[in-house]
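Novice: With the input below, show me the fold.
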Amino acid sequence: MSTPRSGSRRGGWTPWLYLAPALVVLGGLLVYPVYQLGLISFLEYTQAQVTGGEPTTFQGLGNYAELFADGEFWRVLLATVLFAAACVLSTVTLGCALAVLLTRIRALPRLALMLAGLGAWATPAITGSTVFVFLFDPDFGPVNKVLVALGMTGFEDYSWTYDRYSAFALVLLEVVWCSFPFVMVTVYAAIRAVPGEVLEAAALDGASQWRIWRSVLAPMLRPILVVVTIQSVIWDFKVFTQIYVMTNGGGIARANLVLNVYAYQKAFASSQYSLGSAIGVVMLLILLVVTLGYLRLIRRQGEEL
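Specialist: Next up is the predicted model:
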């Protein structure tokens, strides 16, 4: 006859037994590559070392010192932070607005909007990026033709990817287009869980739709809003495909570089694999801090529920 203590011990190990196969797979796919990434960042590892022409030497923090002394790294880091912040703000704002709209329209338009959003979400990043490049093409793109037809001068043969800021704006549109459905669906589900009596009472008190959102819905949805915001930060901070495809590898004179593309260029275009690995480690540490905050919020939200 087992004691309660031994039974609880077995019950404590049972979830880990179910998770063991997935943990083994994740360990093989994540732990070893992260270990190699960190190891290479401490070595002198260029094309000469890859081909065996020169021996691999330990550099310690030399690669990080070289990286942090490079003014371009700080420029790219700042651009990445600002670009990610603009993407997150736009995505969360649009997703919340459409989530509120879903609660105000009839079933058929709501279904159409949901299907359109899920279609955008399911579109691969490289496909969406290619479509946006065609839409804004200076010669054949329909966007410039429509703007000219509306009487907006200056858009004849206008290249959206030539200027740094218009190129970032174009990429931002694509990132928001493929990201807002997650926010929209999540916030819509959270709004549907709010008791209808609360919203009816606010409407009877004469509150406008904006006041209901600001004073009633937003405080009640704060845990969900924080979670989708942090999730968007994680996604948008490591954007690669959209920048690489739409700006042809980082824009004219590398004006549209973000950290992911910058690391790729250092590692594979310049064969400075150690510097590329160091950039990857810096990104990993930044996202690790954000992820730990995300997990803490998830845990706190679970405790509140």
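
Novice: unless I'm mixing things up, Gln47 is touching Ser274, no?
Specialist: No - the criterion here is Cβ atoms under 8 Å, and Gln47 misses it with Ser274 at 11.3 Å. C-beta: built from backbone N, CA, C; applies to glycine.

Novice: how far away is the most centrally placed residue in the chain from Leu288?
Specialist: Nearest to the geometric centre of the chain sits Trp235, at 1.6 Å (Cα atoms, centre = their mean). According to Cβ to Cβ, to the nearest Å, Trp235 and Leu288 sit 15 Å apart.

Novice: what do you get for Gly71?
Specialist: Counting by Cβ to Cβ, the gap from Gly71 to Leu288 is 25 Å.

Novice: Give me the more crowded residue out of those two.
Specialist: Between Gly71 and Leu288, counted using other Cβ atoms under 10 Å, Leu288 has the larger neighbour count: 10 against 7.

Novice: And the pLDDT at the more buried one?
Specialist: At Leu288, the model reports a pLDDT of 88.

Novice: Tell me the helices and strands packed up against the strand or helix carrying it.
Specialist: Using DSSP states H and E, the element containing Leu288 is helix 273-304. Secondary-structure packing of helix 273-304 (3 or more Cβ pairs under 8 Å, 6 or more residues apart in numbering; DSSP states H and E): helix 32-41, helix 62-68, helix 222-237, helix 259-264.

Novice: Just put those helices in TSV and tack on mean pLDDT and distance to Leu199.
Specialist: Below are those laid out as TSV (pLDDT from 0 to 100; distance: least, Cβ to Cβ, whole Å):
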stretch	mean pLDDT	distance to Leu199
helix 32-41	90	46
helix 62-68	93	51
helix 222-237	88	16
helix 259-264	94	42
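
Novice: who wins for proximity to Phe182 among those helices?
Specialist: Closest approach to Phe182 among those (Cβ to Cβ): helix 222-237, 6.9 Å.

Novice: any idea of the angle that closest one forms with helix 273-304?
Specialist: Calculated by axes from the mean of the first three to the mean of the last three Cα atoms, to 10 degrees, helix 222-237 forms an angle of 170 degrees with helix 273-304.

Novice: picking that back up, can you tell me which residues contact the residue nearest to the centre of the chain?
Specialist: By Cβ atoms under 8 Å, 6 or more residues apart in numbering, Trp235 lies in contact with Ser179.

Novice: likewise Ser271?
Specialist: By Cβ under 8 Å, 6+ apart, Ser271 lies in contact with Thr46, Gln47, Val50.

Novice: Can you show me the helices along the stretch 101-250 of the chain?
Specialist: Remark: helices assigned in the stretch 101-250 of the chain by DSSP state H, counting those that start in this stretch are 107-122, 125-135, 142-149, 164-192, 196-204, 209-212, 218-220, 222-237, 241-246.

Novice: Give the buried residues for the fourth one.
Specialist: Going back to what we said before, that points to helix 164-192. 164, 167-168, 170-188, 190-191 (16 or more other Cβ atoms under 10 Å).

Novice: That one - contacts with which helices or strands?
Specialist: So helix 164-192, by 3+ Cβ pairs under 8 Å, 6+ apart, packs with helix 71-102, helix 107-122, helix 125-135, helix 222-237, helix 241-246.

Novice: Counting neighbours, what do you get for Leu285?
Specialist: Using other Cβ under 10 Å: Leu285 sits among 9 other residues.

Novice: Ignore what I typed, I meant Ile224.
Specialist: Ile224 sits with 17 neighbouring residues when counted by other Cβ under 10 Å.

Novice: distance of the closest residue to it other than its chain neighbours from Ile126?
Specialist: Nearest residue to Ile224, sequence neighbours excluded (Cβ to Cβ, 6 or more residues apart in numbering): Ala190, at 4.4 Å. Using Cβ to Cβ, we find Ala190 at a distance of 31 Å from Ile126.

Novice: Next: Phe140.
Specialist: Per Cβ to Cβ, Phe140 is found 20 Å from Ile126.

Novice: So which of the two has more stuff around it?
Specialist: For the pair Phe140 and Ile126, the greater number of neighbours falls to Ile126 (12 against 9), based on other Cβ under 10 Å.

Novice: List the contacts of stretch 19-28.
Specialist: With Cβ under 8 Å, 6+ apart, stretch 19-28 has no contacts at all.

Novice: how about it: buried residues?
Specialist: In stretch 19-28, counting by 16+ other Cβ under 10 Å, buried: nothing.

Novice: Could you check how far the residue nearest to Ile224 is from Gly71?
Specialist: 44 Å.

Novice: With Ala207 instead?
Specialist: 51 Å.

Novice: Give me the neighbour count for Ala48.
Specialist: 13.
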